[in-house]
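Participant: Provided below for reference: sequence and predicted model.
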Amino acid sequence: MLYIALAHNQAEHSSTPVVGKSFMQLYEFQAKQVFREYGIPIPKGRIVRTAEEAVQVAEELGGPVAVKAQVLTGGRGLAGGVRFGRDAEEVGKVATLVLGMRVRGEKPKALVVEEKLEVARELYAAVTWDYQLKCPVAIASSRGGVDIETIAKERPSDIARKRIDPFRGFSAYQGRELATEIGLKNSIVIEYAKVMSALWTIFHKHDAELVEANPLAVLANGNLVALDAKLNLDDKSIFRQSSFLNGIEQMPAGRSDEVEYRRARARELGISTYVEMDGNIGVVADGAGSGMLTLDLVSDFGGKTQVYCEMGGEANPQLMENAMLATMTVESVKVVLINLIGGLNRMDEMAKGITSYITKHPSKVPIVVRMSGTMQEEGRRILTASGIQFFDSLYEAVEEAVTISRAN
C-alpha cells in the first residue's frame with residue numbers, strides 16, 4: 001500500500017480554501033505509475049531514497065537525468081526541488097542537496113531519478129471537476145509547465161475546455177477538437193486526444209478530483225511524454241478504490257518514518273483509529289466502546305497491545321480485511337485479537353473479511369475472535385471452515401490471546 005497525503009479543503013496550487021473539497025493526493029511517482037498503466041508515456045526512471053541509490057539509477061540510465069523531490073506541495077521546481085545532473089558524480093551531489101532541503105516547508109522523503117528528455121514544446125492536459133458547472137471538464141492548453149491558474153489569469157485564450165457528460169464519457173473527437181483549439185496539427189492531434197482519453201478513464205474509473213499531465217512534453221520526434229503527473233482522489237470514495245490503491249508502489253520508508261508510514265497507510269485503508277504501542281498483541285475492534293474495553297482487559301490479563309485498529313462502528317468485509325492488513329504489517333505482532341459485536345455489523349460479513357485476508361495473505365500469526373450478534377452463527381460457521389478460533393466470551397478470548405502472546 002502506498003504512503004500518500006489527505007488534503008482537506010485546499011485546492012491544488014492555491015491557498016484559497018474550497019468549501020467541502022477533500023481529496024487524497026498521490027505522489028508524482030505513484031501518479032506516473034497509473035499513467036503508464038493506462039498507456040500515457042512517461043520518462044524512464046525510478047524512485048530512490050538515498051543519494052547512493054540516485055547514483056545507481058543515473059548509471060543505469062546513462063546520460064543526463066532529472067532529480068525530483070517527491071513532495072506534495074506545488075511549485076517545487078521554482079523552490080529548487082527539481083534539479084539536473086549530467087553524470088553520476090553530479091547526480092550524487094544534487095541528490096544529497098535535494099534530500100537535505102525543505103521544498104516550501106516539506107522535507108522530501110524520496111526522489112525520482114529519471115531520464116532528461118529533449119523537449120520541443122510543453123503542453124497541458126487535465127480532467128477535473130467544475131463545481132460551478134457541476135460536471136467533469138477536460139482542460140487543454142498550449143502552455144505547459146505553468147500552473148493552470150496562472151495561465152487562466154495571464155492568457156485565458158490559451159486554454160480550451162470541454163464539458164464531459166459522465167454518462168456518455170469522453171469521445172475521441174472531443175480530444176481532437178481540444179488539440180486543434182490549442183493549435184496542434186497533424187499526427188500530434190491524434191496522440192494528444194489519446195492522452196486526454198486516458199486521463200478521463202483514470203478520472204472516471206478511480207473517483208478522481210484531478211488528473212493532470214503538466215507539462216505534457218512534445219519531443220523532437222513528435223512523441224508525447226508526461227514529464228509530471230498529478231492524481232487526486234475523492235477521499236469519500238476511497239472505500240471503492242482499495243484494490244487500486246493496493247496495487248500502487250509504496251513510498252520507501254526509512255526507520256524513523258515507519259510508524260508514520262503505517263499510520264498513513266491505515267488512514268488510506270479506511271481505518272478510523274490506528275495506534276501503535278509497545279507490546280506484541282494486535283487488537284481490532286468494530287467500535288470505540290468495545291475497543292477500549294478490549295484494551296483494558298488485555299492489560300488486566302497481563303498482556304501488552306502493540307497495534308490497536310478501530311473500524312468505526314459501521315464496517316463491511318473490505319474494511320475488516322483492511323484492518324487485518326494494517327495490523328499484520330507490524331512484525332512484532334504475535335497474535336491478533338478481534339472483538340466484534342453485531343449491532344450495526346453482520347457477523348457473516350465480518351467473517352468473510354477475515355477469511356478473505358488469510359486467503360490472500362497466508363500467515364502463521366494466530367487469530368483469536370470474539371464474535372457476538374447479528375448473523376453470528378453463519379459468521380462462526382465461516383470462521384470454523386477456515387480454522388479460526390472464536391469465543392462467546394470476551395474474557396476468554398482475551399485470556400487466550402494473552403496466553404499465545406506469552407508463548408511466542
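Facilitator: Everything's here; your move.
Participant: CA only for contacts and neighbour counts going forward, please
Facilitator: Fine.
Participant: which stretches in the stretch 301-408 of the chain count as helices?
Facilitator: 317-328, 347-360, 376-385, 394-407 (DSSP state H, counting those that start in this stretch).
Participant: deepest of these, which one?
Facilitator: Greatest average neighbour count among the helices of the stretch 301-408 of the chain goes to helix 317-328 (a mean of 23), per mean count of other C-alpha atoms under 10 Å.
Participant: how far does it sit from the chain's center?
Facilitator: Distance, stretch centre to chain centre, for helix 317-328: 16 Å (C-alpha atoms, centre = their mean, to the nearest Å).
Participant: pLDDT of it, averaged?
Facilitator: The average pLDDT within helix 317-328 is 94.
Participant: show me where the chain dips below the pLDDT cut-off.
Facilitator: By pLDDT under 70, the low-scoring segments of the chain are 1-23, 253-257, 313.
Participant: just checking, what packs against the lengthiest helix in it?
Facilitator: Longest helix in the chain, counting residues (DSSP state H): helix 187-205. If you count contacts as 3 or more C-alpha pairs under 8 Å, 6 or more residues apart in numbering; DSSP states H and E, helix 187-205 packs onto strand 119-130, helix 172-181, strand 208-219, strand 224-226.
Participant: now distance to E114 too, for the helices of the stretch 301-408 of the chain, in a markdown table please.
Facilitator: Compiled in a markdown table, these are given as follows (distance: least, C-alpha to C-alpha, whole Å):
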| stretch | distance to E114 |
| --- | --- |
| helix 317-328 | 32 |
| helix 347-360 | 34 |
| helix 376-385 | 48 |
| helix 394-407 | 46 |
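Participant: contact partners for L297?
Facilitator: Counting by C-alpha atoms under 8 Å, 6 or more residues apart in numbering, L297 makes contact with Y395, V398.
Participant: do you know how far V218 is from V112?
Facilitator: Distance of V218 to V112, computed by C-alpha to C-alpha, to the nearest Å: 21 Å.
Participant: kindly report the same for S243.
Facilitator: Distance, S243 to V112, using C-alpha to C-alpha: 24 Å.
Participant: more neighbours: those two, which one.
Facilitator: Legend: neighbour count by other C-alpha atoms under 10 Å for S243 and V112, higher for V112 (22 against 11).
Participant: re the thing from before, who touches the longest helix of the chain?
Facilitator: Here helix 187-205 has contacts from 35, 38-40, 125-128, 138, 166, 169-176, 178-180, 208-212, 222-224, using C-alpha under 8 Å, 6+ apart.
Participant: what residues of that helix count as buried?
Facilitator: Judged by neighbour count using 16 or more other C-alpha atoms under 10 Å, the buried positions of helix 187-205 are 188-204.
Participant: what of stretch 167-180?
Facilitator: F170, Q174, G175, R176, E177, L178, A179, T180.
Participant: stretch 50-58 too?
Facilitator: Buried, per 16+ other C-alpha under 10 Å, within stretch 50-58: A51, E52, E53, A54, V55, Q56, V57, A58.
Participant: how far does that stretch sit from its chain's centre?
Facilitator: With C-alpha atoms, centre = their mean, you get 24 Å for stretch 50-58.
Participant: now swap in stretch 347-361 and tell me
Facilitator: Between the centre of stretch 347-361 and the centre of its chain there are 23 Å (C-alpha atoms, centre = their mean).
Participant: for S237, which non-adjacent residue is closest in space?
Facilitator: Nearest residue to S237, sequence neighbours excluded (C-alpha to C-alpha, 6 or more residues apart in numbering): D207, at 6.4 Å.
Participant: tell me, how many residues neighbour the one you found?
Facilitator: 18.
Participant: report the contact partners of it.
Facilitator: D207 neighbours (C-alpha under 8 Å, 6+ apart): L233, D234, S237.
Participant: which of those residues are buried, as a ChimeraX select command?
Facilitator: This is the ChimeraX syntax for the buried subset of the contacts of D207, where burial follows 16+ other C-alpha under 10 Å:
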select :233,234
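Participant: which stretch among the helices and strands packed on helix 187-205 comes nearest G270?
Facilitator: Across the helices and strands packed on helix 187-205, G270 has its closest neighbour in strand 208-219 (16.9 Å, C-alpha to C-alpha).
Participant: next, the buried residues of the closest one.
Facilitator: Of the residues in strand 208-219, those buried by neighbour count under the rule 16+ other C-alpha under 10 Å are A208, E209, L210, V211, E212, A213, N214, P215, L216, A217, V218.
Participant: no further queries at this time; thank you.
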